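Trainee: kindly return the folded structure for what I paste below:
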Amino acid sequence: MGADIKSSLEGSEECTCRKEGADCCNSCKDDKKKLENWLKEDNLISFKDEEKRNKLMILISELERGIEFKKGLFDVCFDKLIASLDGNREENLKKIKEFDAEDSSNGRSISYMLLAGMLDSLKKFVRKISCKVEGGYDFGISEVVLEGTMSPFCLLADRVKDEKCLSEILDGIVDKFPCIADSSLDELGNIVYHLCSIYGNAALFKYFRERSEFRLGLLRMENNVHLTPVFLAIKCKKKEIFRSMLEIELEGNPKGFDTSSEMKEYGRKLILISAIFCNDDTLDILFLEKKASKLGSKLDRIKKTFTKVGKVLIDVMANTADTASYYATEAAFGVAYKGNLATTAVNSIRTHCIANKPVSLNEKKIQEAFYYLKRHYDRRLGSYYGDFKSKERDLRSLIEEIESLFRRNFVSIDSPISKDFYKMRKRWSGFLVEKNEFFGNAVKKREQFLKRIVNNYLKFKDIRLTLIDISNGLKDLRERANLPEIGESSDV
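Mentor: Sure, this is the predicted structure:
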């Protein structure tokens, strides 16, 4: 690539329009003409610069111009590329593979588009090229990058979280290359569902969940460091992805984890891993929504489970680089490894495991992990009791205040604000009936109150949301009424 092309990409110092973003001065027009001629040269397919980039990659990464200026040149490049694919399927496939070969950083054309946020151009690129090669090219999506660079699919999982956009990009590719759904897509052996957990991409998870290639066993598939997609969702604290995966695993099992001894064991394993990573959100889901362990945790049973799943937990702890791993490795081995674990540290841990079968863990530190579990359970449920009682008490006070203000200011019972208030009062009465039916006498006794929550957490959640909704409605009404506070003078 000559100096004149580099200069045209960067723009001339003589440019008089760039501050306004117009890119229409004589200098810009000259640059655009030079770049158009450069793109139309016959070497578009074979051209590579010193970094092994094709002309499209160079345009995306180097061109410093406004949107319309860039779009016009991208269209020229696309048109020239499509016109160059003028042979049969095999000939065109050979050409596009040459054009779109990896650059020196393992990047592909779609990698550049994803990094630049050029999703419309990416969809156009995939659609037109796929037509020319009859769906025979995967655009590097199924290939694994081994040198620390994000693979094209990892970039897609990270950058594209719109379901329709994902469908437009992936449909034709995955239809022709269905192995993408269960193949390793990065150097850690992560499949699609691991990446959904890492990047918190709910749209990508739904896309592959609804394809015919989906199998339940894929959610239990381990990567190179023995983490399943579900474990990774816990580790990466992706609450909604974890919930979605768990719902699928429990689909068709109305009893949830009580369906079989295997599922009970699995539930306990998830609880323990959540505790190791101090993930309160997934603990709440397991304890309260999915009832992985009735009335919280039976610690003696969990201790036995700890031994059975020791290898999994050690691999979880040994291959994470967050705060949780710092404390977790200390809990398991009495030594905390800081930061990203070096190969020697990982090998040391594995050597320890091999030399100590069955794995012997520091009893004191294990007890601390279990104490975290119990403390979490007591703290979370205890806070529900105090929070609920406080909200109910505040709402009663608010109702009394509004009634007093209405009387003090002679607000007519037929006024719109009064009618709105009595509608809210009616909802309040309905709430009290629903609350009393749910709690009964337990409403006055903390332990029984908490037990009712555990036994039917989703119902409690609905009741609590009703309480909050009524409270917010009355606060809004109080503000709209614009009545003087009690103790203030009134002109009425």
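
Trainee: okay, helices next: where are they in the stretch 351-492 of the chain?
Mentor: 363-408, 416-439, 446-455, 457-481 (DSSP state H, counting those that start in this stretch).

Trainee: any chance of the ones you listed in CSV, with distance to Lys123, mean pLDDT and mean neighbour count too?
Mentor: Backbone N, C-alpha and C define where each C-beta goes, glycine included. Output for these, formatted as CSV (distance: least, C-beta to C-beta, whole Å; pLDDT from 0 to 100; neighbours: other C-beta atoms under 10 Å):
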stretch, distance to Lys123, mean pLDDT, mean neighbour count
helix 363-408, 45, 74, 15
helix 416-439, 48, 91, 14
helix 446-455, 48, 76, 16
helix 457-481, 40, 88, 15
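
Trainee: among those helices, which comes closest to Leu93?
Mentor: helix 457-481 (53.0 Å; C-beta to C-beta).

Trainee: ok, and what's touching the closest one?
Mentor: Helix 457-481 is contacted from outside by 288-289, 384, 388, 391-392, 394-395, 398-399, 401-402, 405, 411, 417, 420-421, 424, 427-428, 431, 434-435, 438, 452-453, using C-beta atoms under 8 Å, 6 or more residues apart in numbering.

Trainee: try stretch 210-220
Mentor: Contacts of stretch 210-220 (C-beta under 8 Å, 6+ apart): 174, 178, 181-182, 191-193, 208, 228-230, 245, 248-249.

Trainee: counting neighbours, what do you get for Asn54?
Mentor: 23 (other C-beta atoms under 10 Å).

Trainee: one more: the one 4 residues further on?
Mentor: Ile58: 24 surrounding residues under other C-beta under 10 Å.

Trainee: before we move on, the earlier item: now render the helices of the stretch 351-492 of the chain as a markdown table, adding distance to Cys25.
Mentor: Below are the helices of the stretch 351-492 of the chain laid out as a markdown table (distance: least, C-beta to C-beta, whole Å):
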| stretch | distance to Cys25 |
| --- | --- |
| helix 363-408 | 63 |
| helix 416-439 | 62 |
| helix 446-455 | 69 |
| helix 457-481 | 55 |
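
Trainee: residue contacts, Lys161?
Mentor: Lys161 touches 201-204, counting by C-beta under 8 Å, 6+ apart.

Trainee: which of those fall within helices?
Mentor: 202-204 (DSSP state H).

Trainee: ok, and the most crowded of those residues?
Mentor: For the ones in helices among the contacts of Lys161, neighbours tallied by other C-beta under 10 Å; top is Leu204, 25 neighbours.

Trainee: can you check the pLDDT for that residue?
Mentor: Leu204 carries a pLDDT score of 95 in this model.

Trainee: and if you look at the one 4 residues further on?
Mentor: Listed pLDDT for Phe208 reads 94.

Trainee: on the three-state scheme, it is what?
Mentor: Three-state call for Phe208 (DSSP: H, G, I helix; E, B strand; the rest coil): helix.

Trainee: going forward can the numbers begin at 58, since that is how I track them
Mentor: Okay, using 58 as the starting number, the last item reads as Phe265.

Trainee: how many other residues sit next to the closest residue to it other than its chain neighbours?
Mentor: Distance criterion C-beta to C-beta, 6 or more residues apart in numbering; nearest residue to Phe265, sequence neighbours excluded, is Val249 at 5.1 Å. Neighbours of Val249 under the rule other C-beta under 10 Å: 25.

Trainee: residues in contact with Val249?
Mentor: Applying C-beta under 8 Å, 6+ apart, the residues contacting Val249 are 210, 237-239, 242, 261, 265, 275.

Trainee: in those residues, which residue is surrounded by the most others?
Mentor: For the contacts of Val249, the largest number of neighbours (other C-beta under 10 Å) sits with Phe210, at 28 neighbours.

Trainee: the host helix or strand of it to helix 259-266, inter-axis angle?
Mentor: Element membership of Phe210, judged by DSSP states H and E, is helix 209-216. Orientation of helix 209-216 against helix 259-266 (axes from the mean of the first three to the mean of the last three C-alpha atoms, to 10 degrees) gives an angle of 130 degrees.

Trainee: need the CA coordinates for helix 209-216. PDB is fine.
Mentor: C-alpha atoms of helix 209-216 as PDB (Å, rounded to 0.1, in the frame of the first residue of the first chain):
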ATOM      1  CA  PRO A 209     -15.100 -14.100  15.200                       C
ATOM      2  CA  PHE A 210     -17.800 -15.900  17.100                       C
ATOM      3  CA  CYS A 211     -16.600 -14.600  20.500                       C
ATOM      4  CA  LEU A 212     -16.900 -11.100  19.100                       C
ATOM      5  CA  LEU A 213     -20.300 -11.800  17.800                       C
ATOM      6  CA  ALA A 214     -21.400 -13.100  21.200                       C
ATOM      7  CA  ASP A 215     -20.000 -10.000  22.900                       C
ATOM      8  CA  ARG A 216     -21.200  -7.300  20.400                       C
END
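
Trainee: rewinding a little: mind putting the contacts of Val249 into CSV with distance to Ile117?
Mentor: As requested, these are arranged in CSV below (distance: C-beta to C-beta, whole Å):
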residue, distance to Ile117
Phe210, 19
Ile237, 24
Ala238, 29
Asp239, 31
Leu242, 23
Leu261, 23
Phe265, 28
Leu275, 34
